[in-house]
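Undergrad: Build me a structure from this.
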Amino acid sequence: MKVLLDTHILLWLAFDNKSKLSSQSIDLLEDFNNELYFSLASLWEIAIKSSLGKPDFEVNVEQLEKGLLSVGCKSLSIQLPHIVKSAQLPMIHKDPFDRLLLAQAEYEGIYFLTADSLIAQYQKAFILKA
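TA: Predicted coordinates:
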């Protein structure tokens, strides 16, 4: 199974805060048969929020990327079809980063693991509740 991880999931993993995840999500993340992806949009979001001094985002994105790649996660770059798809989504969620991540997962045909209740409102089969 291919799974794109939402930004907050990446941060919880970086801070070893699995307690916020369901046991099913932990099983999914620890199953080496699954391909885990992170988006460059997430790293962009973390970098911006870190520069604004938001405490939950105090992460060096270069080190985070190295760490994610070292444990076998794959990077998903931002492509024009992702941007176009994000603009076509209903305006349930106004956060551009979350909309882009959702669009990436839908366009790429992969699952999206999130704990964001607004994203869950899209009621898409590929959205996995963390």
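Undergrad: how about the residue in the chain sticking out farthest from the centre, secondary structure?
TA: Residue farthest from the centre of the chain, counting by C-alpha atoms, centre = their mean, is Gly53 at 20.7 Å. Counting by DSSP: H, G, I helix; E, B strand; the rest coil, the backbone at Gly53 sits in coil.
Undergrad: how close does it get to Lys85?
TA: Separation of Gly53 from Lys85 (C-beta to C-beta, to the nearest Å): 32 Å. (Each C-beta comes from the backbone N, C-alpha and C, glycine too.)
Undergrad: Give me the residue at the spatial middle of the protein.
TA: By C-alpha atoms, centre = their mean, the mean C-alpha position of the chain lies nearest to Asp6, the distance being 1.9 Å.
Undergrad: That residue is in contact with Ile119, isn't it?
TA: Yes: between Asp6 and Ile119 there is a contact under C-beta atoms under 8 Å: 7.4 Å.
Undergrad: Need the residues touching each of those two.
TA: 98, 112 (C-beta atoms under 8 Å, 6 or more residues apart in numbering).
Undergrad: if I look at the residue nearest to the centre of the chain, how far off is Tyr111?
TA: Using C-beta to C-beta, one obtains 11 Å as the distance from Asp6 to Tyr111.
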